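Novice: Sequence first, predicted model second:
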Amino acid sequence: MNGQYSAFADVAIFEAVRTPWIDLGGALSQVSPIDLGIKVGREVMARAGIEPQAVDSVLAGSMAQASFDAYLLPRHIGLYSGVAQAVPALGVQRICATGFELLRQAAGQLRDGVQLALCVASESMSRNPIAAYTHRGGFRLGGEVQFKDFLWEALYDPAPGLDMIATADNLARRYGLGREAVDRYACASHQRALQAQRDGAWVDEVVAVDNQVFELEGYQPRGISLARRTGAVSEDSHPRPTDLASLKRLRAVHPGGVQTAGNSCAVVDGAAAALVGRASACTRPALARLLASAVVGVAPEFMGIGPAPAIRLLLQRSGLNLDDIGRFEINEAQAAQVLAVAHELELDSTRLNVQGGSLALGHPLAATGLRLVMSLARQLRQHNLRYGIAAACVGGGQGMALLIENPAFRA
């Protein structure tokens with residue numbers, strides 16, 4: 001099977017945290033993704049009881065140019081998180097699988113001698129710019145003046161001439177998925193997420209965000225200033241009561257399609273961080289062991305099916321089968337897309353996205369992969385399950401999957 005497979009020995013995720021996922025235009029809308037990244041970078045080290053000076057690699061990812069200093073995002077996250085000035089920083093990008101790629105890159109660096117890597121993914125969908133790419137040379141008299149919404153245009157793939165919603169509609173037609181089935185899945189995702197929030201499922205992974213200043217001796221301070229808030233934000237803002245009747249009333253994005261605003265992922269802001277090091281060097285129980293990764297390419301017009309071949313490659317090369325996997329967390333870019341993957345793999349729905357997914361929580365592009373992994377790891381520990389797989393489709397036609405193991409598993 002084509003694709004890239006990597007197996008990892010003695011690699012652990014020591015700790016992982018995230019901010020709340022907050023709706024587009026909400027309390028985090030004016031915060032630079034760099035500052036969101038600094039917040040979770042500092043917090044993950046504090047939670048793990050690890051001094052920043054122990055970190056010897058910084059990896060960070062963000063998709064949009066969401067602040068004027070965006071080029072400096074990895075470096076400034078490392079510096080203002082307290083990591084030693086001599087420690088280098090690297091920017092990582094694989095669109096929706098950026099969070100997975102951070103972990104993959106960190107595991108690879110451990111093979112090269114790194115002892116502890118700080119991985120941070122941060123996304124401000126709200127601060128995606130209105131962009132112009134052809135004006136550096138000025139404007140001709142009477143010439144076209146073109147500005148476009150970067151966020152909107154980023155959802156369109158000019159190779160097949162389709163937006164991401166249309167690729168999910170393609171999968172719905174290929175797999176015979178009607179509007180009723182797609183809405184039912186979306187309704188279940190919303191209800192599962194709302195119940196998980198009520199049950200406190202994400203309390204251990206979410207760090208509250210408030211107005212804050214980040215100091216760095218000898219350099220300019222920076223920080224977080226929440227929009228229209230006088231208090232901290234401490235939980236995801238998008239989960240809300242949803243019923244099938246309400247979803248059925250929504251108009252399809254494309255005529256004849258099944259995807260609507262209600263059964264597609266929410267647009268949110270947020271950041272996540274993880275510490276990756278050697279399992280043998282972990283001084284207290286690790287959150288998870290990172291065993292393997294797989295990444296594949298698929299046809300851009302069917303990009304949402306990417307997790308299926310990535311998971312197949314992961315299982316084939318690791319020697320496991322579907323029945324060995326206690327939980328699957330597959331990113332919910334669109335409901336039809338997740339259902340297509342489930343149909344293709346014949347997945348047991350009771351093991352798939354049991355706490356809901358991005359339809360209800362939202363999808364801050366770069367950060368989603370880390371959320372999937374940390375939530376999956378905590379589910380494995382809670383239910384004494386050994387293996388879990390997190391996966392996502394990737395715009396342009398890719399799929400990526402990670403295999404993790406519960407270090408506290410008892411047979």
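Specialist: Noted; the coordinates are in hand.
Novice: Residue 365 and residue 48, how far apart?
Specialist: Using Cβ to Cβ, to the nearest Å, residue 365 is found at 25 Å from residue 48. Using the backbone N, CA and C atoms, a C-beta is placed for each residue, glycine as well.
Novice: between the two, who's got more neighbours?
Specialist: Using other Cβ atoms under 10 Å, the more surrounded residue of residue 365 and residue 48 is residue 365, with 27 against 22.
Novice: Chain neighbours aside, what residue packs nearest to that one?
Specialist: Nearest residue to residue 365 in three dimensions, chain neighbours excluded: residue 63, at 4.5 Å (Cβ to Cβ, 6 or more residues apart in numbering).
Novice: Surely the one you found is in contact with residue 154?
Specialist: Yes. Between residue 63 and residue 154 there is a contact at 7.5 Å, judged by Cβ atoms under 8 Å.
Novice: So which residue is dead centre in the protein?
Specialist: residue 368 (1.1 Å; Cα atoms, centre = their mean).
Novice: tell me which residues in the lengthiest helix in the chain are buried?
Specialist: Secondary structure assigned by DSSP state H gives helix 179-198 as the longest helix of the chain. For helix 179-198, burial by neighbour count (16 or more other Cβ atoms under 10 Å) applies to 179, 181-194, 196-197.
Novice: Restrict it to CA atoms and write it as PDB.
Specialist: Taking Å, rounded to 0.1, in the frame of the first residue of the first chain, the C-alpha atoms of helix 179-198 are listed here in PDB:
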ATOM      1  CA  ARG A 179     -29.500  13.700   3.800                       C
ATOM      2  CA  GLU A 180     -31.400  11.700   6.600                       C
ATOM      3  CA  ALA A 181     -28.400   9.600   7.500                       C
ATOM      4  CA  VAL A 182     -26.000  12.600   7.400                       C
ATOM      5  CA  ASP A 183     -28.200  14.700   9.600                       C
ATOM      6  CA  ARG A 184     -28.700  11.800  12.100                       C
ATOM      7  CA  TYR A 185     -25.000  11.400  12.400                       C
ATOM      8  CA  ALA A 186     -24.500  15.200  13.000                       C
ATOM      9  CA  CYS A 187     -27.300  15.200  15.600                       C
ATOM     10  CA  ALA A 188     -25.700  12.300  17.400                       C
ATOM     11  CA  SER A 189     -22.300  14.200  17.400                       C
ATOM     12  CA  HIS A 190     -23.900  17.300  18.800                       C
ATOM     13  CA  GLN A 191     -25.700  15.400  21.500                       C
ATOM     14  CA  ARG A 192     -22.700  13.300  22.500                       C
ATOM     15  CA  ALA A 193     -20.500  16.400  22.800                       C
ATOM     16  CA  LEU A 194     -23.000  18.300  24.900                       C
ATOM     17  CA  GLN A 195     -23.300  15.300  27.200                       C
ATOM     18  CA  ALA A 196     -19.500  14.900  27.400                       C
ATOM     19  CA  GLN A 197     -19.200  18.600  28.300                       C
ATOM     20  CA  ARG A 198     -21.900  18.200  31.000                       C
END
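Novice: For that helix, name the packing helices and strands.
Specialist: helix 244-248, helix 335-345, helix 358-361 (3 or more Cβ pairs under 8 Å, 6 or more residues apart in numbering; DSSP states H and E).
Novice: Relative to residue 164, how far out is the spatially closest residue to residue 251 that is not a sequence neighbour?
Specialist: Closest residue to residue 251 apart from its sequence neighbours, by Cβ to Cβ, 6+ apart: residue 260 at 6.5 Å. Distance, residue 260 to residue 164, by Cβ to Cβ: 13 Å.
Novice: ditto for residue 64
Specialist: 15 Å.
Novice: These two - which one has more neighbours?
Specialist: Neighbours were tallied for residue 64 and for residue 164 using other Cβ under 10 Å; the higher tally belongs to residue 164 (23 against 20).
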